[in-house]
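Participant: With the input below, show me the fold.
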Amino acid sequence: MLKKFTAGIFVSALVLSGCAEKSENVGEAYVSPLAFQSMSCKQIGQEARRVSARASTVAGVQDKNANNDAVATGVALVLFFPAAFFIKGNKENAAELARLKGELTALEQAANAKNCGIEFAEKPANS
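Facilitator: Numbers count the residues shown, from 1 in each chain. The predicted structure is shown next:
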């Protein structure tokens, strides 16, 4: 009985370790605002819109991956263990989202340093 319980715990940990995180749980990567220092306020605004649009898209993909992984985990734990092999946990997507969140913060810092007067809305899937 103890062996079955231990095996169940091990399988659960293995399955859950591959799950994708929800976008709001992905932290931001550090991006230096110095990278945007040479840009004009207009260029900073344009780049912020581009990065924000991409971050929204990537956050949507991240949330979809997290939902799909949650369903596969539930199926694997309750009904069918081989369903655990369908859990993707896309780390590349999470890394891109973290970078984009960091870029938005750096753009905001650069805009503030130049007194651009650009209003930054809440970042998509803010951490």
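
Participant: Only C-alpha atoms from now on, for both contacts and neighbour counts.
Facilitator: Will do.

Participant: residues near the nearest residue to E47 once chain neighbours are set aside, how many?
Facilitator: Leaving aside its chain neighbours, E47 sits nearest to L107 (8.0 Å; criterion: C-alpha to C-alpha, 6 or more residues apart in numbering). L107 has 27 neighbouring residues, counting by other C-alpha atoms under 10 Å.

Participant: swap in the one 5 residues further on?
Facilitator: Applying other C-alpha under 10 Å, we find 14 residues neighbouring N112.

Participant: List of residues touching the strand or helix carrying it?
Facilitator: Per DSSP states H and E: N112 is located in helix 91-113. Residues outside helix 91-113 that contact it (C-alpha atoms under 8 Å, 6 or more residues apart in numbering) are 20-21, 23, 26-34, 36-37, 41, 44, 47-48, 51-52, 54-55, 58-59, 61-62, 117-118, 120, 123, 126.
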